[in-house]
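Novice: next input, structure requested:
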Amino acid sequence: MNIRKKGIFIFIFIFGAFFYWFFYQNSWVPLSAKFEVNQMLQSHDTKRMRQVAADKKTRSYLLHLKKDTHCDSVTDFQGGSENIGYFVADINGKGVGIYMQREILLFWRIKEIKL
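Specialist: Model prediction:
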């Protein structure tokens, strides 16, 4: 393979890796968070609400929400590490912090929710 083909291959690889990271970090994980929060609220899964609530105040807030409440928006990645990300969401007009934890490569779960 000549130098020009190697250069093109490296450019495409770097561009593809950046695009994958940008799409994955900035859209997939927030969508997963929003979906999981909405599922938890619509099914009124009290066991899961107790598991993910960071403190008594958050637990009480989550348990007293109506079933028709939903998560309106989730921000982009706000910080964290490679395996734990912090996002902010709007649930029933209140801002809550959501910590997402990577389970496997493309699967993230809510680790903690805090008012």
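Novice: can you give me the strands in the chain?
Specialist: For the chain, the strands defined by DSSP state E occupy 71-74, 79-80, 84-91, 94-104, 107-114.
Novice: mean neighbour count, these: which tops it?
Specialist: Ranked by mean neighbour count, the strands of the chain are led by strand 84-91 with a mean of 18 (mean count of other Cβ atoms under 10 Å). To be clear about C-beta, it is placed using only N, CA and C from the backbone, and glycine gets the same treatment.
Novice: helices or strands up against it?
Specialist: When contacts are defined as 3 or more Cβ pairs under 8 Å, 6 or more residues apart in numbering; DSSP states H and E, strand 84-91 packs onto helix 29-42, strand 71-74, strand 79-80, strand 94-104.
Novice: could you spell out the sheet neighbours of that strand, each with its direction?
Specialist: strand 71-74 (antiparallel), strand 79-80 (antiparallel), strand 94-104 (antiparallel) (DSSP bridges).
Novice: and the longest helix anywhere in the chain, how far from the chain's centre?
Specialist: The helix that spans the most residues within the chain, counting by DSSP state H, is helix 3-23. Put simply, helix 3-23 sits 26 Å off its chain's centre (Cα atoms, centre = their mean, to the nearest Å).
Novice: do the same with stretch 66-77
Specialist: Centroid separation for stretch 66-77 versus its chain: 11 Å, with Cα atoms, centre = their mean.
Novice: may I have it as PDB, with CA atoms only?
Specialist: C-alpha atoms of stretch 66-77 as PDB (Å, rounded to 0.1, in the frame of the first residue of the first chain):
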ATOM      1  CA  LYS A  66     -48.000  10.500  38.800                       C
ATOM      2  CA  LYS A  67     -47.800   7.800  36.100                       C
ATOM      3  CA  ASP A  68     -48.400  10.300  33.300                       C
ATOM      4  CA  THR A  69     -45.300  12.300  34.300                       C
ATOM      5  CA  HIS A  70     -42.400  12.000  31.900                       C
ATOM      6  CA  CYS A  71     -38.900  13.200  31.400                       C
ATOM      7  CA  ASP A  72     -38.900  16.100  29.000                       C
ATOM      8  CA  SER A  73     -35.300  16.500  28.100                       C
ATOM      9  CA  VAL A  74     -31.800  15.200  28.900                       C
ATOM     10  CA  THR A  75     -28.700  17.300  28.400                       C
ATOM     11  CA  ASP A  76     -25.500  16.200  26.700                       C
ATOM     12  CA  PHE A  77     -22.700  14.600  28.600                       C
END
